[in-house]
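Trainee: Sequence and predicted structure, then a few things I'm wondering about:
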Amino acid sequence: MSDGRIGFIGLGNMGGPIAANIAAGGHDMIVFDAAGTAARAPDGVAVAASVAEVAAAAETVLLSLPDGPVVAAVVEEIAESNARVTSALVDLSTIGIAAARQVHARLSRADIAYLDAPVSGGTAGASAGTIAVMCGGDAALFERLSPVLSSMSRNLFHVGDTPGQGQAMKLANNFLSATAMAATSEAVAFGVDQGLDMAQMLNVLNASSGQNTATSDKFPNRILPGKYDAGFTNTLLTKDVTLYLENVRAAGTPDTMGAVLTDVWRRFQAAEPGADFTRVYPFVRDRR
Ligand code: NAD
């Protein structure tokens, strides 16, 4: 262990299993979640009563929080905490490029090193230690934090030296993942309307060029059995595709598909706020 005590803030669908893997890796940890820490904390870790208590105890702090405004508020609390010992912060949340740059600027003023490190692979990947971790920031910091990062996943990527580049990678990924879900929902609705069997359609697609993460994972494991339990809300995915579209427009790169896709997810989120994102299939099928 090279970076002292590890703090972890945000023990939700992703943060819970990620923190559990870090603890299982033998790291000394202190954790906090605003919705109640004790019930969400991995076994054997210290439970904090506040963000400030984590900042007073942990040299390295990881965040897994819903969105940019929540991350900014927690970062501010850490940076201004009087008893702070935190000198490095890793943000696993999806917050977009501008928010990551603002976090970087705020942490730099407080002399706290920052790794922008959003993740992909869902709750199953978080539990299995296979999530992709897309790190933007100083390469030496990425190396220094590798003991804790490798305890949460074996798929670590240093994608650039500038915080925000992890976010760019993550937004591109989630645009493709959201496209696969929405487009596969339309294709399956069409096939079922034509008298095809959904299970057989998925077998054919997975042996064909239409194969994607929705046909290989979300449809067979979450939608076909009627479970709709991916553990990722349409609120968070709508945030992601909206950030993608905003960032694409700011960059001036093509946005045709992004605009269409974002409209689908915004309408689904408005109709069923907080639903599991796999419920997009019945939403699309029923033309709501
Ligand atoms: P979640 O809502 O399940 O968990 C977020 C946790 O943060 C909650 O437990 C909440 O109580 C806590 N929290 C909120 N505000 C807080 C505060 N001020 N202080 C302390 N704790 C606070 O969300 P999630 O699905 O775990 O997603 C977390 C992040 O990871 C998001 O940015 C999301 O976009 C991203 N992500 C999620 C998935 C997924 O499959 N769920 C996959 C990849 C990335």
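Mentor: Okay, I see it.

Trainee: roughly how far is stretch 257-272 from the heart of the chain?
Mentor: Stretch 257-272 sits 19 Å away from the centroid of its parent chain (C-alpha atoms, centre = their mean, to the nearest Å).

Trainee: Could you do stretch 179-193 as well?
Mentor: 24 Å.

Trainee: which residues are in contact with that stretch?
Mentor: The contact list for stretch 179-193, computed with C-beta atoms under 8 Å, 6 or more residues apart in numbering, reads 198, 201-202, 205, 210, 212-215, 218-219, 257, 261, 264-265, 277-278, 280-281, 283-285. Where you see a C-beta, it was placed from the backbone N, CA and C, and this is true even at glycine.

Trainee: Which of those residues are buried? Put it as a PyMOL command.
Mentor: A single PyMOL command is used to select the members of the contacts of stretch 179-193 judged buried by 16 or more other C-beta atoms under 10 Å:
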select buried, resi 198+201+202+205+210+212+214+215+218+219+261+264+265+277+278+280+281+283+284
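
Trainee: Spell out which parts of this protein neighbour the ligand.
Mentor: 9-15, 32-35, 51, 64-66, 70, 73-74, 93-94, 119-120, 122-123, 231-232, 236, 240 (C-beta under 6 Å from any ligand atom).

Trainee: From G12, how far off is N203?
Mentor: Counting by C-beta to C-beta, to the nearest Å, the gap from N203 to G12 is 34 Å.

Trainee: thought Q167 was touching P118?
Mentor: Yes - in this structure, Q167 is within contact of P118 by C-beta atoms under 8 Å, at 6.0 Å.

Trainee: anything in contact with each of the two?
Mentor: What both Q167 and P118 touch, as defined by C-beta under 8 Å, 6+ apart, is the set T94, I95.

Trainee: circling back: so among the residues of the chain next to the ligand, which ones count as buried?
Mentor: Among the residues of the chain next to the ligand, the ones that count as buried by 16+ other C-beta under 10 Å are 9-15, 32-33, 51, 64-66, 70, 74, 93-94, 119-120, 122-123, 231-232, 236, 240.

Trainee: distance between stretch 115-132 and the chain's centre?
Mentor: Chain-centre distance of stretch 115-132: 7 Å, with C-alpha atoms, centre = their mean.

Trainee: on that earlier part again, list the ones among the residues of the chain next to the ligand that fall in strands.
Mentor: Using DSSP state E, the subset of the residues of the chain next to the ligand located in strands is I9, F32, V119, S120.

Trainee: Nearest to E272 among these?
Mentor: Using C-beta to C-beta, S120 comes nearest to E272 of these, at 23.2 Å.

Trainee: and that closest one, what does it touch?
Mentor: Taking C-beta under 8 Å, 6+ apart as the test, what S120 contacts is I131, A132, M134, K170, N173, N174, S177.

Trainee: List the contacts of the last one.
Mentor: I take that to be S177. The contact partners of S177, by C-beta under 8 Å, 6+ apart, come to S120, T213.

Trainee: Just the buried positions in the helix or strand containing it, please.
Mentor: Here S177, judged by DSSP states H and E, is contained in helix 165-193. Going by neighbour count (16+ other C-beta under 10 Å), the buried part of helix 165-193 is 165-171, 173-175, 177-185, 187-189, 191.

Trainee: Which element is encountered next along the chain beyond it?
Mentor: The element immediately downstream of helix 165-193 (helix or strand, assigned by DSSP H and E) is helix 198-206.

Trainee: If you count contacts, what does that following helix end up packed against?
Mentor: Counting contacts by 3 or more C-beta pairs under 8 Å, 6 or more residues apart in numbering; DSSP states H and E, helix 198-206 packs against helix 165-193.
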